[in-house]
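**Q** starting from these lines, generate the structure:
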Amino acid sequence: GGTAGAALQAGEVDWWEQPTPDLLPLLRRNRNIEVTQQDPVGLAGILRFNCLHPPFDNPAIRRAILPAINQKDFMIAVNGDEPDAIREGVGYFASISPMASKAGLEVMKGDINAARAALKAAGYKGEKVVLLNPTDIVSPSAMSQVTNDLFRRLEINVDFASSDWGTVVQRRASKEPVEKGGWSALCTAFNGYDFLDPSGHLPIRGNGANAWAGWPEIPRLEQLRDAWFDAPDAAAQKQVGAEMQQVALETVPYIPLGEYIQRTALRRNVTGMVKG
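**A** Next up, the predicted model:
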């Protein structure tokens with residue numbers, strides 16, 4: 001209920017049902033338990049920026065972070081290193097979607113030096129960055145810790161603001177600058193179904209004050225979203241999606257961090273569970 005309930009209704013996932021990687025071997029060794037994948041799409045991790053205040057009100061500074069990103073680092077932190085448990089090379093649409101594309105993703109190559117130089121060229125001057133970290137839910141906290149380390153290596157003046165999830169949700173609703181209790185960046189995840197196409201894809205919206213927390217104002221993304229609804233066929237929709245990804249990589253409302261697979265453990269005498 002409350003703010004957490006509102007967050008779940010907005011599409012974010014129920015983190016506390018995600019088993020930690022070291023629990024999986026124990027479950028698999030039990031002959032009475034089957035570890036399955038109920039959700040074929042997976043969960044999409046993101047690094048979200050607050051686009052209202054410095055330094056991330058500057059698209060060039062948001063874009064400068066891209067070369068430092070290695071999606072595999074984030075996904076291993078969340079879900080371990082089993083190849084079938086994580087996906088890298090993921091763009092702004094779910095990897096199983098017809099809209100998915102790897103175009104432009106080669107910029108994310110884990111190059112700290114390139115990102116540090118890009119930050120300097122973009123005009124970053126050491127402004128404080130408040131990175132929110134929910135300590136009581138495993139997946140976003142793992143991604144936040146990787147981001148904190150990354151920001152420090154990029155010589156970003158980061159304040160790692162750790163608190164419980166309810167406090168994070170309340171603070172991220174603030175549009176105030178950091179010196180008045182606001183925030184600069186956060187990590188979270190959405191169910192991959194939300195990213196199948198632009199219709200329910202909240203973080204790719206560019207509708208300013210009416211956008212999801214972070215409030216990017218990117219008119220071209222909104223124009224393309226409308227064009228997707230008006231597209232006459234799947235091929236035209238795919239073309240619109242490719243352009244949306246190009247615009248998103250230029251304006252960076254958020255950075256995609258990859259996908260991870262949520263496991264489900266069932267007693268073997270439980271049958272007929274619907275996938276989804």
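**Q** so what's the residue lying closest to Val252 once chain neighbours are set aside scoring on pLDDT?
**A** With CB to CB, 6 or more residues apart in numbering as the criterion, Val252 has its nearest non-adjacent residue at 3.8 Å, and that residue is Arg62. In short, each C-beta sits where N, CA and C put it, glycine included. In this model, Arg62 is scored at 98, pLDDT.
**Q** quick one: Leu65 and Val252 touch, right?
**A** Not quite, residue 65 is Ile, not Leu. Yes: counting by CB atoms under 8 Å, Ile65 does reach Val252; the two are 7.5 Å apart.
**Q** separation between Gly110 and Lys72?
**A** 8 Å (CB to CB, to the nearest Å).
**Q** er, Val129 I mean
**A** Val129 sits 24 Å away from Lys72, taking CB to CB as the criterion.
**Q** likewise Tyr193?
**A** Shown here: Tyr193 relative to Lys72, a distance of 23 Å by CB to CB.
**Q** more crowded one of these two?
**A** Using other CB atoms under 10 Å as the criterion, Tyr193 and Lys72 rank with Tyr193 on top: 19 against 16.
**Q** need the contact list for the more buried one.
**A** Shown in contact with Tyr193 (CB atoms under 8 Å, 6 or more residues apart in numbering): 41, 94, 200.
**Q** now for Asp84, how many residues are close by?
**A** 7.
**Q** ok, now which ones touch it?
**A** Contacts for Asp84 (CB under 8 Å, 6+ apart) come out as Ile261.
**Q** ok but it is inside a helix, no?
**A** Yes: counting by DSSP: H, G, I helix; E, B strand; the rest coil, Asp84 is part of a helix.
**Q** just how off-centre is the helix ranked longest in the chain within its chain?
**A** Of all segments of type helix in the chain, defined using DSSP state H, the longest is helix 234-251. For helix 234-251, the distance from its own C-alpha centre to the chain's C-alpha centre is 18 Å (CA atoms, centre = their mean, to the nearest Å).
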